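Asker: 3D, please:
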Amino acid sequence: MGGDLSAGAFDDPKNRVSGPGLIRTMYSAGIGAGAGTFYGACLAAWYPDPVTTAGKYGGIPGRTDVRAIGKTILRPAMWFSLTAGTYTAVECAMEAARNETQDAWNSLVAGMAGGAVIGMTNGRPQVVAATAIGMGIVMAAVELSGPKTVANEAALDHKRMGLLPKTHVESEALAALKEKYPQHKNL
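Answerer: Alright, predicted model coming up:
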């Protein structure tokens, strides 16, 4: 029942999450729920008016209602979780149906399923179809572009890792400034 669920080291964006489909789907749904909770909390925090429930529960006008805060935070968490879980479940199903082949077709179909879930937040069939097609194309493009998104990976590693030479070589201009201003030579 194992599998590598780590996303890899911080400096290794090329590592894929692997393992059984159900475990991967639950992992993705959990990550989606966390991201949706964060989004909902930010939404509730930056909402300028008090968050209140309008309806049968009433509440005190002008005061924030705990039930409304819960809905504001949990609704995006549910949709993010459902979208991430649907994407991963469909991608795993495509891999199983195609004998463990991992390519852009899996991402296209899974992106269309995830996009359909996103479109269902609106409830209109045209929006569902448009987001399904759009998300499918975007996810296929991401899969086709691959992990290498820069031409010079050595320069990118230098930027990301900040590798410096083992011995520092001082420039002539800096040495001249240190001679001119000896009181600042140890800065």
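Asker: sec struct for Gln102, please.
Answerer: For Gln102, the secondary-structure state derived from DSSP: H, G, I helix; E, B strand; the rest coil is coil.
Asker: That one: how many residues sit nearby?
Answerer: 14 (other CB atoms under 10 Å). Any C-beta I mention is one placed from the backbone N, CA and C, and that applies to glycine too.
Asker: C-alpha coordinates for the helix or strand bottoming out on mean pLDDT in the chain, CSV please?
Answerer: When the helices and strands of the chain are scored by mean pLDDT, DSSP states H and E, helix 153-161 comes last with a mean of 76. What follows is helix 153-161, C-alpha atoms only, in CSV (Å, rounded to 0.1, in the frame of the first residue of the first chain):
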residue,chain,number,x,y,z
GLU,A,153,19.3,25.1,-16.4
ALA,A,154,22.8,25.8,-15.0
ALA,A,155,21.9,29.5,-14.6
LEU,A,156,18.6,28.6,-13.0
ASP,A,157,20.3,26.3,-10.5
HIS,A,158,22.7,29.1,-9.7
LYS,A,159,19.8,31.5,-9.1
ARG,A,160,17.8,29.0,-7.0
MET,A,161,20.7,27.5,-5.0
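Asker: Would you tell me what the next helix or strand after it is?
Answerer: Using DSSP states H and E, the helix or strand that follows helix 153-161 towards the C-terminus is helix 172-180.
Asker: residues making contact with that following helix?
Answerer: Contacts with helix 172-180, where a contact means CB atoms under 8 Å, 6 or more residues apart in numbering, come from 184-185.
Asker: hang on, the earlier thing: check the offset of the least confident helix or strand of the chain from the chain's centre.
Answerer: Offset of helix 153-161 from its chain centre (CA atoms, centre = their mean, to the nearest Å): 22 Å.
Asker: distance of Ala173 from Leu187?
Answerer: Relative to Leu187, Ala173 is positioned 15 Å away (CB to CB, to the nearest Å).
Asker: Please spell out which residues along stretch 171-184 are buried.
Answerer: If you call a residue buried by 16 or more other CB atoms under 10 Å, then stretch 171-184 has no buried ones at all.
Asker: In the chain, where's the longest helix?
Answerer: Assignment by DSSP state H gives helix 66-97 as the longest helix of the chain.
Asker: Also compute the angle for whichever helix or strand comes after it relative to helix 66-97, please.
Answerer: As assigned by DSSP H and E, the chain's next helix or strand after helix 66-97 is helix 104-119. Interaxial angle, helix 104-119 versus helix 66-97 (axes from the mean of the first three to the mean of the last three CA atoms, to 10 degrees): 160 degrees.
Asker: Off-centre distance for stretch 86-106?
Answerer: 20 Å.
Asker: Quote the end-to-end distance of it.
Answerer: By CA to CA, to the nearest Å, the extent of stretch 86-106 from end to end equals 13 Å.
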